[in-house]
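Student: any chance you can model this:
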Amino acid sequence: MSELAVHLFPCLTDNYGVLVHDPESGETAVVDAPDEAAIKRAVAETGWTPTQVWVTHHHWDHTQAIPALKDAYGATVVGPRQEAAMIVDLDLKVGDGDSVQFAGATVRVIGTPGHTLGQVAYWLPDAALAFTGDTLFAMGCGRVFEGTPEMMWTSLDRLAATLPAETRIYCGHEYTLANAKFAVTVDPDNAALAERLEAVAAIRAQGKPTLPTTMAEERLTNPFLRAGDEALRAHLGMADAADWEVFAEVRRRKDHF
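Tutor: Now for the predicted structure:
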């Protein structure tokens, strides 16, 4: 496998689509399928023909273009086994601990339930790339729609423990500035967070994407990964609470921010 190229592009209101391309073999993966027109524009722009689609979860804004992609490119659609009844045209059903082959590389599947019960992330260790859907965002996380706060915390904590610091992380939406503005309200003494808020505000003012992030950045600045941090716990008045309870309080506050 040669070095993979990644093309990030906006879809719908605030979604992102991603093409992952191996120049040597020509194989190309589409991460999620938010919008047919945007994906086809990206394919035309890059000249990369999709051979696989990696679906993270069943929500419509990640799946609605699957039939069009299969029809146009004959791509193999990979997606969460647990949500197969809600996702059309799945060719390969995967779950936690499974792997997929892409351009001679292994794509590891990590189960990350919480936002939805069957959500998965795709991790390419050799390329230091991960695609986390709506579980882990830059300085944020997805709403807990189908799972429990404890389940979501377990998924996030597992990603933080599994993905090496240098891993480049692509998520499903451009929520970074809003996430950062919230994060400083629960982690106000975090100098790295304050600095990142400033940087992200400047990036968005130019209309540029804030992704990818890295696991190193998220460990330092994402309050949803920092439930064990003493300063954050003290600020919330939860010094003796379980980590998942601290996470649940941070998520509750974000839901009403």
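
Student: care to break this structure down by domain?
Tutor: If you go by automatic domain parsing, the domain ranges for the chain are 5-170, 176-255.

Student: which one of those domains is the most hemmed in?
Tutor: The highest mean neighbour count among the domains of the chain belongs to domain 5-170 (a mean of 20), with neighbours defined as mean count of other C-beta atoms under 10 Å. Backbone N, C-alpha and C define where each C-beta goes, glycine included.

Student: reformat the domains of the chain as JSON lines; add mean pLDDT.
Tutor: As requested, these are exported to JSON lines (pLDDT from 0 to 100):
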{"stretch": "domain 5-170", "mean pLDDT": "98"}
{"stretch": "domain 176-255", "mean pLDDT": "98"}
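
Student: ok now stretch 85-97, how far from the chain's centre?
Tutor: Distance, stretch centre to chain centre, for stretch 85-97: 18 Å (C-alpha atoms, centre = their mean, to the nearest Å).

Student: and stretch 140-159, by the same measure?
Tutor: Centroid separation between stretch 140-159 and its chain, computed with C-alpha atoms, centre = their mean, is 12 Å.

Student: so where do the strands sit in the stretch 1-150 of the chain?
Tutor: For the stretch 1-150 of the chain, the strands identified by DSSP state E, counting those that start in this stretch occupy 5-11, 15-21, 28-31, 52-54, 76-80, 92-94, 99-102, 105-111, 120-124, 129-131, 136-137, 140-141, in order along the chain.

Student: any chance of these in TSV, plus distance to Arg204?
Tutor: Shown next, in TSV, are the strands of the stretch 1-150 of the chain (distance: least, C-beta to C-beta, whole Å):
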stretch	distance to Arg204
strand 5-11	13
strand 15-21	14
strand 28-31	22
strand 52-54	27
strand 76-80	31
strand 92-94	34
strand 99-102	31
strand 105-111	29
strand 120-124	25
strand 129-131	22
strand 136-137	14
strand 140-141	14
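
Student: closest to Gln206 out of those strands?
Tutor: strand 5-11 (14.1 Å; C-beta to C-beta).
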